[in-house]
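> sharing a model prediction with you, sequence too.
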Amino acid sequence: MIKIEEEYCMNMNGQTVIFPWDEPMDIDAAALIDEGAIPMDLPEENKEERHKQAQQLAAEILHLEAILKAKKEELKQYVEQNGKVVVGDTQFDFVPSYSWEGNWEALARHIREKGLNPFDFFKLGSTEATKLMKKTGWDEEQMKEHGVFRVMSGKQFRSSKVK
């Protein structure tokens, strides 16, 4: 079991791990973090320097995400072998996930009988659309010809591979 104490955190191998956020920070930086902002000392007058610092921040994020992924895999293996791990009011364990399967045509008929439009409930998500295009050989243009098109539903801030 992983034990969290005020001064250090031990991983499964008994090693002491010091996290970068464990370093002391001033009140202004702490306030920015509490507000959800990331403190970056980026002078307005030097765009090139600001960009380099942003790249460094991005590199640090990728590094931390890689560490997080490895730690989660280590914890996952432990939980598989030994059961759940509780830290404070949070537990790490395997929980079931559910999806719905069945006779969609019959369900659509019953929805119509209630005076509702089944298509208000049956949505074609990105995963299903991709699967449909692979199985039919259709591309986006052919999907449009069949009355289905892709729309942007919002923006997510995340990393992705450069193409």
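Alright, I've got the coordinates.

> low pLDDT regions in the chain?
Residue ranges of the chain with pLDDT under 70: 1-45.

> which residues in it form strands?
Applying DSSP state E to the chain gives strands spanning 9-10, 16-17, 85-87, 90-92.

> now S99: how far from Q142?
For S99, the distance to Q142 equals 27 Å [Cβ to Cβ, to the nearest Å]. Quick note: C-beta positions are derived from backbone N, CA and C, even for glycine.

> next: V86.
Distance from V86 to Q142, by Cβ to Cβ: 51 Å.

> swap in K131?
Counting by Cβ to Cβ, the gap from K131 to Q142 is 15 Å.

> next one: the residue nearest to F94 when sequence neighbours are not counted from Q55, what distance?
In this structure, F94 finds its nearest non-sequential neighbour in V79, 6.7 Å apart by Cβ to Cβ, 6 or more residues apart in numbering. According to Cβ to Cβ, V79 stands 36 Å off from Q55.

> in this structure, where's the longest helix?
helix 47-82 (DSSP state H).
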